[in-house]
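Trainee: no sequence for this one, just the structure:
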């Protein structure tokens, strides 16, 4: 599983880096950024789900890896 | 260095305060039918708007009023979101609904950029402010905010009843934003007057309102001059020196943005802190849970923001159009109620209940789309610290007199008098 942010939708609410700080960070203007390669370790799956479900702009996707 | 002559102090000419724009008849008094005659300025709405919104969502999801020269009130999440996202058809050149519509020429900048701005100017003006309001940047204010909250509670010593809105909540954002803008902390009481001048008294004659707005801008000009004389590491000096499109900002943009930062951060956060404490004072089970498990606060806080979202915005319809079943006319107001959106059962399970451990909470308290509250990270920090300190110091409290609680009238809603029994 990988997380991905659509930069066209993100408005910098910061819910993702509040709820899943191991997966997301902020850029210099507060927009969300995926940390590293975005791969979600098993133990972070719940945090990833929370980030997806709490993003007010629905800018985050959880993708099945190929 | 060249003298900065953008900010001359000119004596005000008679009549200069008269603002250009279109005035509408001031209509006050009891609402006949909320679907066709709504007014967010009547006491029934300030006391408890949620049953009204819930009723409208069922029977007339885009309500109308002839007051304010014509306005619409959508109560479904879906419609509120659609308007927030549609900056082509809904302008932000006025975001406080009143009886005076500013002229089209005010767009795309508006009187208090970037909240009053439309694309494309909006993006560039907002970009100037974003870096100062990131989560990381506002964290620098946290130690002073925490110490200030403690000092307020220290001052309650010996009292059995304190007013959580008046003696506590209101002071916190005032102090924080004064510090960030570099204004004298002792001017705090004046800021509260400015906030009331701009956000309340909407149905006063436009001349009176304009006079009040002028008082704010006179104050801001004084602060600009104090900062020109003595530049500092704060937001006022930052705005004076900031450049857009290779030029320093126009004086109206500098003072307009200062006005926004001063006004928008104060009674919004004050309301969020007060409403959270009001809820806990009347809900002992939730208070006990939070005191027993402080780690729950970040989740509970989001639920307070959803259920008691303090901020409603306004928009102006750009052109006549048929929209989601109603006929909107150019220059009709939209009362963009994020609080109503946040209680839409189509969007939230148990929408009318406060569920403090709600894990999935895609609320719109800070808006949606390009106008997401630029101060949301600051507001969340202040709300969290204010509640943490209160719960740590005063873990037991109740409403001293439920009938004495009063709520602000207008687009920002929160308790203004909130006597709590703390001893």
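Mentor: Thanks, I have the structure now. Keep in mind that this is a model prediction, so the values were computed, not measured.
Trainee: pull the longest helix from chain A.
Mentor: Ranked by residue count and defined by DSSP state H, the top helix of chain A is helix A:45-54.
Trainee: just after that helix, pick out the following helix or strand.
Mentor: Downstream of helix A:45-54, the first helix or strand assigned by DSSP states H and E is strand A:60-63.
Trainee: tell me which strands and helices that following strand is in contact with?
Mentor: strand A:2-5, helix A:45-54 (3 or more CB pairs under 8 Å, 6 or more residues apart in numbering or on different chains; DSSP states H and E). All C-beta atoms are positioned from the backbone trio N, CA, C, and that covers glycine.
Trainee: which one of these lies nearest to chain B?
Mentor: Ranking the helices and strands packed on strand A:60-63 by distance to chain B, with CB to the nearest CB as the measure, places helix A:45-54 first at 4.5 Å.
Trainee: chain B contacts on chain A?
Mentor: Where proximity means CB under 8 Å from any CB of the partner chain, the interface of chain A facing chain B comprises A:11-14, A:17-18, A:26, A:28-30, A:50, A:53-58.
Trainee: hmm, try it at 10 Å
Mentor: For chain A, the residues in contact with chain B under the definition CB under 10 Å from any CB of the partner chain are A:9-15, A:17-19, A:25-31, A:46, A:49-50, A:52-58.
Trainee: how about a markdown table for the helices and strands packed on strand A:60-63, with mean neighbour count, mean pLDDT and distance to residue B:290 added?
Mentor: Conversion of the helices and strands packed on strand A:60-63 to a markdown table gives the following (neighbours: other CB atoms under 10 Å in any protein chain shown; pLDDT from 0 to 100; distance: least, CB to CB, whole Å):
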| stretch | mean neighbour count | mean pLDDT | distance to residue B:290 |
| --- | --- | --- | --- |
| strand A:2-5 | 18 | 97 | 30 |
| helix A:45-54 | 19 | 97 | 20 |
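Trainee: reformat these as TSV; add distance to residue B:50.
Mentor: Conversion of the helices and strands packed on strand A:60-63 to TSV gives the following (distance: least, CB to CB, whole Å):
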stretch	distance to residue B:50
strand A:2-5	33
helix A:45-54	23
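Trainee: indicate which one of those is closest to residue B:257.
Mentor: strand A:2-5 (28.0 Å; CB to CB).
Trainee: what separates the helix or strand following the closest one from the chain centre, distance-wise?
Mentor: Proceeding N to C from strand A:2-5, the next assigned helix or strand is helix A:15-19, under DSSP H and E. Using CA atoms, centre = their mean, to the nearest Å, the distance from the centre of helix A:15-19 to the centre of the chain it belongs to is 7 Å.
Trainee: for the residue nearest in space to the middle of chain B, which residues are in contact?
Mentor: Closest residue to the average C-alpha location of chain B: residue B:268 at 4.0 Å, with CA atoms, centre = their mean. Listed by CB atoms under 10 Å, 6 or more residues apart in numbering or on different chains, the contact set of residue B:268 reads B:173, B:195, B:199, B:309-311, B:365-366, B:373, B:375-376, B:379, B:382, B:411-414.
Trainee: out of those residues, who's near chain A?
Mentor: Filtering the contacts of residue B:268 for neighbours of chain A using CB under 10 Å from any CB leaves B:365, B:366, B:373, B:376.
Trainee: ok, and the closest non-adjacent residue to the last one?
Mentor: Using CB to CB, 6 or more residues apart in numbering or on different chains and skipping residues adjacent in sequence, the residue nearest residue B:376 is residue B:366, 4.2 Å away.
Trainee: next, the contact list for the one you found, please.
Mentor: By CB under 10 Å, 6+ apart, the contact list for residue B:366 reads A:11-15, A:56, B:268, B:305, B:309, B:311, B:338, B:372-377, B:379-380.
Trainee: and after the host helix or strand of residue B:273, which helix or strand comes next?
Mentor: Counting by DSSP H and E, the element that carries residue B:273 is helix B:266-282. Counting by DSSP H and E, the next helix or strand C-terminal to helix B:266-282 is helix B:284-292.
Trainee: now do that following helix: which elements does it pack against?
Mentor: Applying 3 or more CB pairs under 10 Å, 6 or more residues apart in numbering or on different chains; DSSP states H and E, one finds that helix B:284-292 makes contact with helix B:266-282, helix B:297-307, helix B:376-393.
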